[in-house]
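Enquirer: I'd like to go over a predicted model; first the sequence, then the structure.
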Amino acid sequence: MTTLMTYAGPVADDAPTTRTGGVPLAPADFTWPTCAMCSGSMQFLAQVLTGEHAVAIFMCANDPGLCEEWDPAAGGNRALVFPASELAPAQVPAEGETRLPEASGIDLVTDDAPYETAREQWAKTNGRPRREILGQLGGTPSWLQGDETPTCASCTQPMNLVAQLEQGLSRTEMNFGGGSGYAFACLPCAEATFLWQS
């Protein structure tokens, strides 16, 4: 089963839903992530709500390609797990490439086909461009290169895919070098990680 995340138009920057862009909803003690290489504030890409948890995804956009933001361990991106209760809009840093141009709502569309086939079928059936598919929620990663499924640093078990993200429309675009981003989490351990391939 594939659950496509399709573009549903702009939403409020602090919408309490799964979305791309806007402002992350975070706990009171949240500190905005900074890049380990350039020390700049990271760009907020998406929040994914998964029942009792929220996963927030960030990536450095200050010097694209220079901060190894595709690598899950290099410090150029972050994925964070928060308890879904008692979250509030985070304070956005005044400097740096911290936000996407638009906060985009997401409609969820289920299909029995694998992800790539489901994308093609949705675009053809709806007469809409594939770029309006912002990714998939959960499911099986559609790797562009080799399988890079991470293991949890706490329990050493393989992590589950939270969301696969696509670059999207120009007003919602995330810079994955023409490829896809992959957010994984081990929710019981409150651990998450992010990477992208092109």
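Expert: Alright, I've got the coordinates.

Enquirer: so M37 sits right up against L66, yeah?
Expert: Yes: contact criterion C-beta atoms under 8 Å: M37 and L66 qualify, at 7.3 Å. C-beta coordinates here come from the backbone N, C-alpha and C atoms, glycine included.

Enquirer: quick one: which of the two has more around it?
Expert: M37 (16 against 12; other C-beta atoms under 10 Å).

Enquirer: where does that one land in three-state SS?
Expert: Recorded secondary structure, M37: coil (DSSP: H, G, I helix; E, B strand; the rest coil).

Enquirer: residues contacting it?
Expert: 60, 66-68, 74-76 (C-beta atoms under 8 Å, 6 or more residues apart in numbering).

Enquirer: what about the closest residue to T151 other than its chain neighbours, neighbour count?
Expert: Among residues not flanking T151 along the chain, P158 sits closest, at 5.6 Å (C-beta to C-beta, 6 or more residues apart in numbering). Burial of P158 is recorded as 11 neighbouring residues (other C-beta under 10 Å).

Enquirer: Same check on G127?
Expert: For G127, the count of nearby residues is 6 (other C-beta under 10 Å).

Enquirer: which residues in this structure form helices?
Expert: 115-126 (DSSP state H).

Enquirer: circling back: looking at the contacts of M37, which has the most residues close by?
Expert: The contacts of M37, ranked by neighbours (other C-beta under 10 Å): first place C60, 29 neighbours.

Enquirer: So for that one, what's the nearest residue that isn't a sequence neighbour?
Expert: C60 sits nearest to C35 (C-beta to C-beta, 6+ apart), 3.9 Å away.

Enquirer: Model confidence for the one you found, exactly?
Expert: pLDDT for C35: 97.

Enquirer: D147 is in contact with the residue nearest to T151, correct?
Expert: No: between P158 and D147 there is no contact under C-beta under 8 Å: 10.3 Å.

Enquirer: Would you enumerate the residues in contact with A46?
Expert: 18-21, 56-57, 163, 165, 174, 183.

Enquirer: could I get these as CSV with neighbour count and distance to A28?
Expert: Below are those laid out as CSV (neighbours: other C-beta atoms under 10 Å; distance: C-beta to C-beta, whole Å):
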residue, neighbour count, distance to A28
T18, 20, 22
R19, 25, 21
T20, 29, 24
G21, 25, 22
A56, 23, 14
I57, 27, 20
A163, 30, 25
L165, 25, 27
M174, 22, 27
A183, 24, 23
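
Enquirer: and the least confident of those residues?
Expert: Scoring these by pLDDT puts M174 last, at 93.

Enquirer: which residues touch it?
Expert: 20, 45-46, 59, 100, 165-168, 181.

Enquirer: out of the residues you listed, which are inside strands?
Expert: 20, 45-46, 59, 165-166, 181 (DSSP state E).

Enquirer: And the furthest pair within the residues you listed?
Expert: The span of the ones in strands among the contacts of M174, defined through C-beta to C-beta, is set by M59 and E166 at 14.0 Å.

Enquirer: Tell me which of those two has more neighbours.
Expert: Counted by other C-beta under 10 Å, M59 and E166 do not tie: M59 has more neighbours, with 28 against 22.
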